[in-house]
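J.: All I have is the shape, not the residue letters:
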DNA sequence: TAACAATTTCATAATTTAGTAATGAATAAG
DNA sequence: CTTATTCATTACTAAATTATGAAATTGTTA
């Protein structure tokens, strides 16, 4: 499968629209959930934890504006992007006036190309910030931009999962990451893998870096320490 | 399709001025959006993503100076040019004192010829800057102006896509470009091509240059390294 | 429009990475 | 001290990803 681009929750009362949008976005590697009204959207939000919500404005049960307000009231979703789907150009200006914390608007009828482009660039905007800065320690550098780990002058190339795991642990030295946290953040909470998988990856990292930066906290998880 | 000269956002509270400017610039092939105050301008900025902003200073809702400051605070628009429209010659000197990050000033009343000339040269300046400087390494030169690559004295002509891809990777040696970044920056995010397309172009480049400068980072992307 | 070049797609081979299962070692609990 | 739990390690299999060759499509130019 392609690199994970992001999770999107599509909220619209019209089945056709949900299907069109879902089809096109899945085609481009996004992970999709759908909801047909605001209530259902708010329910799914918790478990799915999307990066972006496509939110129709006009819905019978709970409309998009109300839904948006409620989402924005919960700081847990501060980093979740919201893009409105608007049917009428009238609404557009109306909504634009209200500062609801939406990040963009897409007018219906939906043009697949435009949809993908907008979503793509919206997500890229937020993702670009996290990436750039290398994690630095004496004798150890974890450089995500180059996808390299440098230790005592030696350069080590880690495969993706190993790198992500190592970078995660090193992002907060001393802090213990629970096994399920590791699974969530390295594997994503939609992928289900056994617990041993983590061990194996930890072992591979330990083999490749001769010093052992990863410490086991039995019954709990792992932590990074120098 | 016609050659795209550039996108310009025209911000002025005076409808007449907006229309005059829009008319004249469209006449010369520019793509125009308008806004009648700073607030509206900031909103439109996100979706329109102009190459240049013509910004009136005196506006009732949010004036040009404040708007300029806010735009310049967002690094996303570092490459967006800003040209002030000033009504009084007094203001001019005042503004010039403040270093707001504007790129030029045009005095009202607006003379269409002057306007077009200034915009033209402002845009050309930045475009040439990007273009002009060849990327140089020992034994390797990537010359965008002439669209060719010199390696060990041999001159190799690469077709456009191959060149753009190679130039992108070489623009930051060592840095991994994710596949979707490559798609965005070489193909543009309005064109949708499959992932294998990148591989094929990489291969072509590898074939033409006998040394292999392009390294695969599996599951992530490609990077340039000597 | 024919001829050629560039671009893209497709199928499949080659490779690398990820995941699992089995077993042994270490640790904690009773 | 024995048992149960958890982790480490190894070897193995499955899955994912890229490389490649060739064909199809699109674009350019004379």
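T.: Perfect, I can see it now. Predicted model only: the values in this text are computed from it and were never measured.
J.: got the contact list for the closest residue to chain B within chain A?
T.: Scanning chain A for the residue nearest chain B gives residue A:160, at 4.1 Å (criterion: CB to the nearest CB). (C-beta placed from N, C-alpha, C; glycine too.) Contact analysis of residue A:160 by CB atoms under 8 Å, 6 or more residues apart in numbering or on different chains lists B:218, B:219, B:220.
J.: where does it land on pLDDT?
T.: Residue A:160 is assigned a pLDDT of 94 by the prediction.
J.: Quick check: next helix or strand after the helix or strand of chain A with the lowest mean pLDDT?
T.: Of all regular secondary-structure elements in chain A, judged by mean pLDDT, DSSP states H and E, the least confident is helix A:89-97 with a mean of 51. Using DSSP states H and E, the next helix or strand after helix A:89-97 towards the C-terminus is strand A:104-107.
J.: Residue A:68 is in contact with residue A:84, isn't it?
T.: Yes: proximity of residue A:68 to residue A:84 meets the contact threshold set by CB atoms under 8 Å, at 7.5 Å.
J.: who touches both of those two?
T.: Residues touching both residue A:68 and residue A:84 by CB under 8 Å, 6+ apart: A:55, A:102.
J.: what sits up against the helix or strand containing residue A:40?
T.: Using DSSP H and E, the secondary-structure element containing residue A:40 is helix A:38-48. When contacts are defined by CB under 8 Å, 6+ apart, helix A:38-48 is touched by residues A:7, A:9, A:11, A:33, A:35, A:53, A:55, A:59, A:61-64, A:66-67, A:70-71, A:77.
J.: Report the mean confidence score over it.
T.: Per-residue confidence for helix A:38-48 averages out to 90 on the pLDDT scale.
J.: Show me what counts as buried in it.
T.: Residues A:38, A:40, A:41, A:42, A:44, A:45, A:48 are the ones in helix A:38-48 that count as buried (16 or more other CB atoms under 10 Å in any protein chain shown).
J.: Please apply the same query to stretch A:24-37.
T.: Neighbour counts over stretch A:24-37 (16+ other CB under 10 Å) mark A:24, A:25, A:30, A:31, A:32, A:33, A:34, A:35, A:36, A:37 as buried.
J.: Looking at the nearest residue to residue A:24 once chain neighbours are set aside now. What's its pLDDT?
T.: Leaving aside its sequence neighbours, residue A:24 sits nearest to residue A:112 (CB to CB, 6 or more residues apart in numbering or on different chains; 4.4 Å). Model confidence at residue A:112, expressed as pLDDT, equals 74.
J.: Can you pull out the low-pLDDT segments for chain A?
T.: Counting by pLDDT under 70, chain A contains low-confidence ranges at A:1-5, A:88-99, A:113, A:125-132.
J.: Would you map the helices across it?
T.: Across chain A, reading from the start of the chain, the helices by DSSP state H fall at A:15-27, A:38-48, A:64-73, A:89-97, A:112-131, A:160-171, A:179-182, A:196-208.
J.: Redo those helices as TSV? Include distance to DNA strand D.
T.: What follows is the helices of chain A, written out as TSV (distance: least, CB to the nearest atom of the strand, whole Å):
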stretch	distance to DNA strand D
helix A:15-27	14
helix A:38-48	20
helix A:64-73	30
helix A:89-97	32
helix A:112-131	15
helix A:160-171	8
helix A:179-182	7
helix A:196-208	4
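J.: Span of stretch A:57-73 from start to end?
T.: 18 Å (CA to CA, to the nearest Å).
J.: Buried ones in that stretch, by neighbour count?
T.: Taking 16+ other CB under 10 Å as the basis for neighbour counts, the residues of stretch A:57-73 that come out buried are A:57, A:58, A:59, A:62, A:63, A:64, A:65, A:67, A:68, A:70, A:71, A:72.
J.: Run through the residues that contact residue A:204.
T.: Contacts here follow CB under 8 Å, 6+ apart; on that basis residue A:204 touches residue A:162.
J.: what's the answer for residue A:148, then?
T.: For residue A:148, the set of contacting residues under the criterion of CB under 8 Å, 6+ apart consists of A:141, A:155, A:156, A:157.
J.: same check, this time on residue A:21
T.: Residues near residue A:21 by CB under 8 Å, 6+ apart: A:10, A:12, A:32, A:54, A:110, A:115.
J.: ok, the residues you listed vs DNA strand D, which is closest?
T.: DNA strand D lies nearest to residue A:32 out of these, by CB to the nearest atom of the strand, at 17.0 Å.
J.: sorry, back to before: can you list which of the contacts of residue A:21 are found in strands?
T.: When the contacts of residue A:21 are checked against strands (DSSP state E), the matches are A:10, A:32, A:54.
J.: Pretty sure the first one sits against residue A:31.
T.: So that's residue A:10. No: distance between residue A:10 and residue A:31: 11.1 Å, which falls outside the contact criterion (CB under 8 Å).
J.: hmm, back to that, of the contacts of residue A:160, select the buried ones using a PyMOL command.
T.: Restricted to buried positions by 16+ other CB under 10 Å, the PyMOL selection for the contacts of residue A:160 reads:
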select buried, chain B and resi 220
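J.: so which of the contacts of residue A:160 comes closest to DNA strand C?
T.: Closest approach between the contacts of residue A:160 and DNA strand C, by CB to the nearest atom of the strand: residue B:218, at 4.2 Å.
J.: quick one: contacts for that closest one?
T.: Neighbour list for residue B:218: A:159, A:160 [criterion: CB under 8 Å, 6+ apart].
J.: mind checking how far it is from residue B:166?
T.: Residue B:218 is 20 Å from residue B:166, where distance means CB to CB, to the nearest Å.
J.: same deal with residue A:219?
T.: If you go by CB to CB, the gap between residue A:219 and residue B:166 works out to 51 Å.
J.: In the sheet, which residues pair with residue A:155? Tell me.
T.: On DSSP bridges, the residues paired with residue A:155 through beta bridges are residue A:150.
J.: My understanding was that it contacts residue A:143; is that so?
T.: No: between residue A:155 and residue A:143 no contact is recorded; they are 9.5 Å apart, counting by CB under 8 Å.
J.: Based on its surroundings, how many neighbours for residue A:165?
T.: Using other CB atoms under 10 Å in any protein chain shown as the criterion, residue A:165 is surrounded by 23 other residues.
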